[in-house]
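Enquirer: I would like the atomic coordinates for the input below:
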Amino acid sequence: MSASGLKVLLSAYSCEPGRGSEPGVGWDWMRQIARYHDVWVITRANNRDAIERALAREPMPNVHWAYFDLPRYARFFKRGARGVALYYYLWQAGIYPLARRLERAHGFDLTHHVTFGKYWAPSFLGRLAPPFVWGPVGGGESAPASFWPSFGARGIVYEAARTAGRALEDADPFVRMTARRAALGLAKTTETARKLERLGCPAVKIYLEVSLAAEEIRTLAALPRHDAAPVRFLSTGRMLHWKGFYLGIEAFARAARELGEAEYVLVGDGPERRKLERLAARLGVAGQVAFRGVVPRAEALRELARSDVVAHPSLHDSSGWVTIEAMAAGRPVVCLDCGGPGAQVSADAGIKVPVDTPQGAIAGVAAAMVRLGRDAELRRRMGDAGRRRVAEHFRSDHRADLLAAIYDEVLARRRGELGHAAAPAAGARR
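Expert: Down below sits the predicted model:
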């Protein structure tokens, strides 16, 4: 039996059209699953207006919506990052009675949890009768302890709290139940895959979550090459300690001694920005490092078009949209060999730097910048390889076929388990 025309119950706390990050992931997964299957989506009630506006423009008759939020008195939890985490945890528990009612009414073939894509909170869909697919989930990535002293006091407190929180989450019996009841756990990275295995997930696959629509790939592929002096490097993202912008600036300062009139543009903002500006001044490259702040999407694309190389020295990204967009635009990527970017960027599309110590990472990124900065032909070859890699592996419209294969595998395994359970024991009388 092929996984075609199934009834699938989808848990997507974040699911909203026209958005990036988790809301966009939830929406795109829903669309791709619905290409072949009937889908029932449980999502937050505050997503309803945006969803219904999108459905008015593009109806999806085989997608059915169930909206749920906690009672108003419980919503005070949603204050700050930890508050959202607690609210989300309670929301997952709160949807279970609704999921049971839907399962009794429709008899699903599969249940699937998509967003949030973090392993640290449980999903109770595994308690239902159909096979349960969990993920892809991330969150198992960590900055090596050797980097902690370079983060400053605020960063050290954050990493310590994150490590302690994950230790508690790993011991959560409901998280362990989620892992053990999953027919298949999809992990965004090798680090998270190891977490799922330790939690008792019976089957784990690494599944790179990030993808781009065909239209986005065409838009990015159409960006002209820069190929003009001076060579220009670009980094994009929130300016947080674990995003590694400080590694990029220190590496650029070393590379600039050999490259001369190179430039480094940083797009984004965050609590580390002033510290990074002071770092550039202290290293004597303030005139070559430009902080653009948060810019509209069109301006971000113009900055990408004016760049030669994208540097993304993040220490624990589960996904990494920046690296995929850079490859789609034909820009070679310099990243650390960890987390999502380390899995997404191939050796022919960029340079991955080992994660050992801060000084080792800085030296590795600086060497990559010098190598790429001096060699326009290498940039061209890596850029072409990146475009091919995105077209072959990161198109969102390929996801439906990949999911069909995954669902086939899950259902075949379930049939095998049921057949084995029904077979008479060796030596039994027939």
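Enquirer: tell me which element the residue nearest to R166 when sequence neighbours are not counted is part of?
Expert: Of all residues not flanking R166 in the chain, W120 sits nearest, at 6.2 Å (CB to CB, 6 or more residues apart in numbering). C-beta coordinates here come from the backbone N, C-alpha and C atoms, glycine included. Assigned by DSSP states H and E, W120 belongs to no helix or strand.
Enquirer: shift numbering so it begins at 878
Expert: With 878 as the first residue, the last one maps to W997.
Enquirer: how about stretch 975-988: buried residues?
Expert: A976, L979, E980, F985, D986, L987, T988 (16 or more other CB atoms under 10 Å).
Enquirer: help me confirm that the last one is found in a helix?
Expert: What it means is T988. No - judged by DSSP: H, G, I helix; E, B strand; the rest coil, T988 forms no part of a helix; its state is strand.
Enquirer: separation between it and E980?
Expert: For T988, the distance to E980 (CB to CB, to the nearest Å) stands at 8 Å.
Enquirer: which neighbours do these two share?
Expert: Counting by CB atoms under 8 Å, 6 or more residues apart in numbering, the common neighbours of T988 and E980 are L886, L1005, P1007.
Enquirer: now tabulate the residues you listed in TSV and tack on neighbour count.
Expert: Formatted as TSV, those follow (neighbours: other CB atoms under 10 Å):
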residue	neighbour count
L886	24
L1005	19
P1007	22
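Enquirer: and which of those is nearest P1235?
Expert: L886 (45.4 Å; CB to CB).
Enquirer: show me the contact partners of stretch 894-904.
Expert: Contacts of stretch 894-904 (CB under 8 Å, 6+ apart): 889-893, 920, 924, 927-928, 930-931, 991-994, 1086, 1198.
Enquirer: go with 6 Å
Expert: Here stretch 894-904 makes contact (CB atoms under 6 Å, 6 or more residues apart in numbering) with A889, S891, C892, E893, A931, V991, T992, F993.
Enquirer: name the residues of whichever strand or helix holds A1188 that are buried.
Expert: Here A1188, judged by DSSP H and E, is contained in strand 1186-1189. Neighbour-count burial for strand 1186-1189, counted by 16+ other CB under 10 Å, picks out V1186, V1187, A1188, H1189.
Enquirer: what ranges do the helices span in the stretch 1178-1307 of the chain?
Expert: 1198-1205, 1216-1221, 1235-1251, 1253-1270, 1276-1299 (DSSP state H, counting those that start in this stretch).
Enquirer: hmm, back to that, max pairwise distance over the contacts of stretch 894-904: which two?
Expert: A931 and F993 (20.8 Å).
Enquirer: quick one: which of those two has more around it?
Expert: F993 (24 against 15; other CB atoms under 10 Å).
Enquirer: per-residue confidence at the more buried one?
Expert: For F993, the model assigns a pLDDT of 92.
Enquirer: could you measure from it over to G1263?
Expert: In terms of CB to CB, F993 sits 29 Å off from G1263.
Enquirer: same thing with V961?
Expert: Relative to G1263, V961 is positioned 34 Å away (CB to CB).
Enquirer: do L1249 as well
Expert: For L1249, the distance to G1263 - CB to CB - is 12 Å.
Enquirer: what do you get for L1111?
Expert: For L1111, the distance to G1263 - CB to CB - is 14 Å.
Enquirer: which one among the buried residues of strand 1186-1189 gets closest to E1127?
Expert: Among these, and counting by CB to CB, the member closest to E1127 is A1188, at 11.5 Å.
Enquirer: and that closest one, what is it in contact with?
Expert: Counted by CB under 6 Å, 6+ apart, A1188 has contacts F1110, S1112, G1125, V1211.
Enquirer: for the residues you listed, work out which two are farthest apart.
Expert: The span of the contacts of A1188, defined through CB to CB, is set by S1112 and V1211 at 9.4 Å.
Enquirer: neighbour count for these two, which is higher?
Expert: Taking other CB under 10 Å, S1112 and V1211 do not tie; V1211 has more neighbours (29 against 26).
Enquirer: just want the most central residue of the chain.
Expert: S1196 (2.7 Å; CA atoms, centre = their mean).
Enquirer: how much space is there between that one and T1055?
Expert: S1196 is 20 Å from T1055, by CB to CB.
Enquirer: V1142 too?
Expert: In terms of CB to CB, V1142 sits 42 Å off from T1055.
Enquirer: swap in R930?
Expert: To T1055, R930 is 33 Å away according to CB to CB.
Enquirer: neighbour count winner among these two?
Expert: Using other CB under 10 Å, the more surrounded residue of R930 and T1055 is T1055, with 28 against 11.
Enquirer: ok, now which ones touch the more buried one?
Expert: P999, S1000, G1003.
Enquirer: nearest to G1012, of these?
Expert: S1000 (9.4 Å).
Enquirer: how about that closest one: what's its closest non-neighbour residue?
Expert: Going by CB to CB, 6+ apart, S1000 has H990 as its nearest residue, at 4.0 Å.
Enquirer: can you count the residues close to the one you found?
Expert: Neighbours of H990 using other CB under 10 Å come to 28.
Enquirer: and it, bridged to which residues?
Expert: Per DSSP bridges, the residues bridged to H990 are S888, W1011.
Enquirer: any buried residues in the strand or helix carrying R1053, and which?
Expert: Secondary-structure element containing R1053, defined by DSSP H and E: helix 1050-1058. Neighbour counts over helix 1050-1058 (16+ other CB under 10 Å) mark V1052, R1053, M1054, T1055, A1056, R1058 as buried.
Enquirer: looking at those residues, which is nearest M1259?
Expert: Using CB to CB, the buried residues of helix 1050-1058 come closest to M1259 at A1056, 38.0 Å.
Enquirer: make sure that closest one is actually in contact with V1081.
Expert: No - A1056 is not in contact with V1081 according to CB atoms under 6 Å; the separation is 9.1 Å.
Enquirer: low-confidence ranges in this structure?
Expert: Applying pLDDT under 70 to the chain flags the ranges 878-881, 897, 951-959, 1295-1307.
Enquirer: kindly recompute the last result at 50.
Expert: Residue ranges of the chain with pLDDT under 50: 878-879, 1301-1307.
Enquirer: that older thread, buried only: go through the contacts of stretch 894-904 for me.
Expert: A889, S891, C892, E893, V991, T992, F993.
Enquirer: list the contacts for the third one?
Expert: What it means is C892. Neighbours of C892 in contact, by CB under 6 Å, 6+ apart: G903, W904, T920, N924.
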